[in-house]
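Colleague: Fold the following and give me the result.
(one chain, ligands or ions: 1)
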Amino acid sequence: MSETIFTKIINKEIPADILFEDDKVLAFKDISPQAPIHFLVIPKKAIATINDIQQEDDAVIGYMYRTAAKLCAEMGVSEQGFRTVMNCNDDGGQTVYHIHLHVLAGKPLGWPPYQEKRKV
Ligand code: AMP
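Modeller: Numbering: from 1, shown residues only. Below you'll find the predicted structure:
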């Protein structure tokens, strides 16, 4: 798998606004926030898409969600609520091929979360 920008963030080759880090995951603010709070939780292991998650990765996927919930609690938005999203491939809107959990909060979020692509 070719290296993504998130590997560079893990390796501190490019900067990021890091919220949490340990040996398994990294959480940092999204560079293009879509809500007052928008951060990403990524595994340190490079997994390209949801389709590439292996059984051995089950624990880290759960840990990504627990990290998201812990950070939301620290930010005081647990009760009000938040949204997690993981996009997969083109139709899912994935642009960085290292899985990442988007965590959005701080305002009421609309549903459904998509707009039909305009036909040309
Ligand atoms: P997705 O489209 O689901 O693959 O999401 C990729 C996300 O990564 C987007 O929300 C981008 O704004 C975000 N992103 C891309 N580059 C960076 C970066 N250098 N630092 C923080 N977030 C980034």
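Colleague: biggest strand in this protein by residues?
Modeller: Longest strand in the chain by number of residues (criterion: DSSP state E): strand 37-43.
Colleague: pLDDT of that strand, averaged?
Modeller: Throughout strand 37-43, pLDDT has a mean value of 98.
Colleague: longest helix anywhere in the chain?
Modeller: Secondary structure of the chain per DSSP state H: the longest helix is helix 58-75.
Colleague: Next one, pLDDT for the residue nearest to residue 28 when sequence neighbours are not counted please.
Modeller: What sits nearest to residue 28 in space, not counting adjacent residues and going by CB to CB, 6 or more residues apart in numbering, is residue 16, at 4.1 Å. Heads up, the C-betas are built off the backbone N, CA and C, glycines and all. We have a pLDDT of 98 for residue 16.
Colleague: my guess is residue 16 meets residue 7, correct?
Modeller: No. Look at residue 16 against residue 7 with CB atoms under 8 Å: they stay out of range, at 11.9 Å.
Colleague: Of these two, which one has the most company?
Modeller: Neighbour count, other CB atoms under 10 Å: between residue 16 and residue 7, residue 16 has more, with 20 against 17.
Colleague: That one should be in a helix, yeah?
Modeller: No. Residue 16: not assigned to a helix; according to DSSP: H, G, I helix; E, B strand; the rest coil it is coil.
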